[in-house]
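> Build me a model:
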Amino acid sequence: MKSINTNPKFSVLVPNYNYGKYLGAAVKSVLAQSVHDFEIVIVDDGSTDNSSDVIKQLCETDNRIRAFQQPNAGQAAAFNHAFAKSKGNIICFLDADDLWVPEKLAWVERVFAETDGIALLQHNMFILRDRGPRTLRYLSTLVSGDVVEKIASLEQIGFFVPTSGISLKREVLSKIFPIPNQLGICADAYITRTSLAHGTLFSIDIPLGYYRVHGQNYWMDNPNRENPDMVLEEIMPLVLDYYR
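Numbering: from 1, shown residues only. Okay, here's the model as predicted:
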């Protein structure tokens, strides 16, 4: 087992709700990284499946994994809990049903070291379907730079990748967190948009992870989801309040 690092470079925040089926693979994709200076902070948001057993087994395999439980309170509350427990200088988010390629953290480390003024670093993702063909990219291309004006004009969705593709420095997230707990879903949309008050967007157009589509995702292949525009209408007033 790896020894505990009390001052890791990376903190990987993994919120989980009833994704025991996928959680093990997600965490193992972090353990397989070429960069080893990290901690994994799992917050289980009141799961009712086998997640607790999976988490216990994972914690027994590696001391870099720390796990916490809370009553079901939604994604934002899980993010807030995980960030409060984290220690790293660079914070990476990983949904419990997604995966990273082994060089993901190495790319993130290098870009932050070589580029000043980044508030939000993101990378493209492959789409991994439980059934059917794999789509090569989540987005055909990603943009970089100062995109705040474009966001304000409501050209919002095409700029950002899913939660598992975003990374931020602690100094930026400390200005944003705690995020509003009423964001039971799409808390990452709040993070991506408010972070750009503190610097620029840097996008790695190379897919460095896999966004898993399995029929229960909120945004894709889910006929029961709310209209995405309605969800963004709920988020944007909170974002605008932040900018004020």
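
> what's the next secondary structure element after the helix or strand of the chain with the lowest mean pLDDT?
Every helix and strand in the chain was compared by mean pLDDT, DSSP states H and E; the lowest is helix 148-152, with a mean of 58. Once the chain leaves helix 148-152, the next helix or strand it forms, by DSSP states H and E, is strand 166-169.

> Given that next one, what are its sheet partners and their directions?
strand 90-93 (antiparallel), strand 118-129 (antiparallel) (DSSP bridges).

> any chance of those strands in TSV, plus mean neighbour count, distance to Lys21 and mean pLDDT?
From N, CA and C alone the C-beta is placed, and that goes for glycine too. What follows is the strands paired with strand 166-169, written out as TSV (neighbours: other Cβ atoms under 10 Å; distance: least, Cβ to Cβ, whole Å; pLDDT from 0 to 100):
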stretch	mean neighbour count	distance to Lys21	mean pLDDT
strand 90-93	23	20	98
strand 118-129	21	14	92
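
> Out of those, which is closest to Asn16?
strand 90-93 (12.3 Å; Cβ to Cβ).

> Which strands border the helix or strand following that closest one, and is each parallel or antiparallel?
Going down the chain from strand 90-93, the next helix or strand is strand 99-100, by DSSP H and E. As defined by DSSP bridges, the strand partners of strand 99-100 come to strand 200-213 (antiparallel).

> Can you give me the buried ones in the partner strand?
Applying a neighbour-count criterion of 16 or more other Cβ atoms under 10 Å, one finds Thr200, Leu201, Phe202, Ser203, Ile204, Pro207, Leu208, Gly209, Tyr210, Tyr211, Arg212, Val213 buried in strand 200-213.

> likewise stretch 18-33?
For stretch 18-33, the neighbour count (16+ other Cβ under 10 Å) marks 18-24, 26-27, 29-31, 33 as buried.

> ditto for stretch 62-75
Asp62, Arg64, Ile65, Arg66, Ala67, Gln70, Ala73, Gly74, Gln75.

> and that stretch, how far apart are its ends?
With Cα to Cα, to the nearest Å as the measure, stretch 62-75 spans 25 Å from end to end.

> Name the surrounding residues that touch it.
Applying Cβ atoms under 8 Å, 6 or more residues apart in numbering, the contact partners of stretch 62-75 are 1-5, 8, 15, 17, 27, 31, 38-46, 52, 55-56, 58-59, 77-78, 81-82, 85, 181, 183-188.

> any idea which element the nearest residue to Gly88 once chain neighbours are set aside lies in?
Among residues not flanking Gly88 along the chain, Ser11 sits closest, at 3.3 Å (Cβ to Cβ, 6 or more residues apart in numbering). Per DSSP H and E, Ser11 falls inside strand 10-16.

> Restrict that strand to CA atoms and write it as CSV.
Extracted C-alpha coordinates of strand 10-16, given in CSV (Å, rounded to 0.1, in the frame of the first residue of the first chain):
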residue,chain,number,x,y,z
PHE,A,10,-3.5,16.5,-6.7
SER,A,11,-6.8,15.9,-5.0
VAL,A,12,-9.2,13.9,-7.0
LEU,A,13,-12.8,14.5,-5.8
VAL,A,14,-15.2,11.6,-6.5
PRO,A,15,-18.9,12.2,-5.6
ASN,A,16,-20.9,9.0,-5.7
